[in-house]
Structure formats: structure tokens, C-alpha cells
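K.L.:
what follows is a predicted protein model with its sequence.
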Amino acid sequence: MDTPTFKNAVASETAFQQAQGKSPAKAQEVAVRKVTRQYASSEKERREEQVAPLVEALKAFERPRGGCWAYNTTTTRQADGNTTVMVERFDPFQPEERLWTLLGRDGSVPDEKTQAGYRRAKLKAWQKELDRKPSKYPEAKSLKWSAIADDATISGPDPDGRTTFTFQSSRTELGVADLVAPRKSYTIDANLGAVLRRTATLLEPMSVGVIMTFQTSETATDYVLIEPMLPPFPAKVTAHYRAKIFGNDSGDVRMEILYSDYRRVKCYDDRFGVQIGEPNIVDFMPERK
């Protein structure tokens, strides 16, 4: 508020207030308050206008996926110097007990006992995902708040028509929790009006009392458009983290999930017409025994 434009606006409003009979001191007080409100309102409108293309692109994720979709995933996990590769298939055409199939682990095809144990564990995790309550606020709506309250930068569009929006909010302390909001970024294709990539990165460690501490946390999701009127589908998810849960150190962990062979299938049961299971950083953490 120390710009020449602001000062000139205050001076002009001060002169007007004095002409209305106010004292010089009171006129300046009223002028500063009035011009500040005007600038704040103007800045709010400007920021909302800047993020409008991103807000519209995010609304695509609220569209139905148009039935049931089968797909494969290939998950590569690197931890403690070891690399494991797991290939899986999700097929909602199948009954619940065969919804998930382990196609291979480190190049080996599972036997019946391994497959049965895998399916029980995977079904339990999938049902837990279905029970997860959706956010009260759609992401497209919350981004309007971020545009106003957070540090926001916009780069682009580049020659390919891609624009990247980056948001960073401040640290919050709630009791024993020392919460650090991740830096979030979204890359959209302005021509398609679609989100191509989103990331979330902790810039400093975050703790939740003695329960959990994240030293490092980075996730990124790349998307693909299968049909113009459908929401974007995840194509690749990457994660890098190091955390302590109840004192157990995860070590440095890197993961990559590739999604492939998307195909629309007949639903075995309407309850399988759900969104593609896109994981967040907590989903990568092993459950406490």
C-alpha cells in the first residue's frame, strides 16, 4: 500500500472528505480506510480472474466417469536399496472377490494361495477407500480461497498453451501438531481446459505430535484425457517420502504408479461405478501392525 497510485488515491479521497467538512486528520483516516477497502476488493477480483481457467479445469474432476472402467497399474517401489515391481488389474466387471488381480510381482506369477491373500487385502483397502468421506469443499471452490489468501504465482502460457499455477500457504500450529501446508501446483492446457499435472511438496518437515513426522513428502500426478467429456484419468503417480510413524522410520522411499489399458466395461454391480483410486501420500505409508 505504499505505491504512488495508492498515495494519490488517498490524497484525492482526503481532499474530497475535507470538502465534506471533515478535519484534515479525520479526512485522511476515512480516506485510508476507504481506499484500502477498494484496493482489497479490486485485488480479490483480480486474483479470482487470474485463477478462473484453473477453477474451470478442476471442475472437470466433478463429472461422472460414464460407467465402470477397468485398468492396470504397475507400481515400482524403491526402499532400503531394494526395488520391487507389482503389476495389478482392477476390473469392475468381475464379482467383488475377483475385483482385483495380482498379475505379477517382481516378474513372478502368483500361485492360488498368494492370489487369494492378495485379493482379501486389496478388497479391504478398496472398501476402506469407498468409506472415505469426500471433502466438504470441492477443490475448484477451495482454489478461489487459495488465490486470495495464499502466496500464488502463475507462469505461462508456454508455446504449447500450458499454464502452471503454484500456491503456498503459511505454517499452522494446532496444539501438539506443527502443520505445514504443502506447496501445490497445477498445470493446465488452456486449449483443452484440462488439468495435465498436479503436485504437492512439503518445503520443510511437518509433525503431528509424536504420532507422525514427515521429513520429506513429494507427490505428483500426471493425467490423460480419454474422452473429451470425461474427467481426466490418472496416467502416472510418483511419490517420494521419508517419515516416522510411532517412532518407526520408513527410510527414504520412492514410488511410481503407471496406469494403463483403460477400458470401459459392463458394471457387475452399480456400486463399482466409482472414481479411479488415485492415492495420496498417506496411502503409501504401511499400516501399523
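P.N.:
Nice, I can see it.

K.L.:
now residue 130: how far from residue 48?
P.N.:
Per C-beta to C-beta, to the nearest Å, residue 130 is found 34 Å from residue 48. All C-beta spots, glycine's among them, are computed from the backbone N, C-alpha and C.

K.L.:
the more surrounded of the two?
P.N.:
The neighbour count for residue 130 versus residue 48, taken as other C-beta atoms under 10 Å, is higher for residue 48 (15 against 10).

K.L.:
check which helix or strand that one maps to.
P.N.:
helix 24-59 (DSSP states H and E).

K.L.:
what helices or strands is that helix leaning on?
P.N.:
helix 4-19, helix 139-149, strand 151-155, strand 162-168, strand 183-189, strand 194-201 (3 or more C-beta pairs under 8 Å, 6 or more residues apart in numbering; DSSP states H and E).

K.L.:
7 Å instead?
P.N.:
Under the contact criterion of 3 or more C-beta pairs under 7 Å, 6 or more residues apart in numbering; DSSP states H and E, helix 24-59 touches helix 4-19, helix 139-149, strand 162-168, strand 183-189, strand 194-201.

K.L.:
of all those, which lies closest to residue 108?
P.N.:
Nearest to residue 108, of all these, is strand 194-201, at 33.1 Å by C-beta to C-beta.

K.L.:
next secondary structure after that closest one?
P.N.:
strand 206-208.

K.L.:
mind listing the strands that next one pairs with, and their directions?
P.N.:
Taking DSSP bridges as the criterion, strand 206-208 forms sheet pairs with strand 177-179 (antiparallel), strand 212-224 (antiparallel).

K.L.:
for the record, mean pLDDT for that strand?
P.N.:
Across strand 206-208, the average pLDDT comes to 75.

K.L.:
likewise for stretch 61-70?
P.N.:
87.

K.L.:
what element comes up after the helix holding residue 48 heading to the C-terminus?
P.N.:
Counting by DSSP H and E, what follows helix 24-59 is strand 68-79.

K.L.:
in its sheet, what does that next one sit against?
P.N.:
strand 82-90 (antiparallel), strand 253-265 (antiparallel).

K.L.:
show residues contacting the longest one.
P.N.:
The contact list for strand 253-265 (C-beta atoms under 7 Å, 6 or more residues apart in numbering) reads 67-79, 91-93, 226, 233-242, 284.
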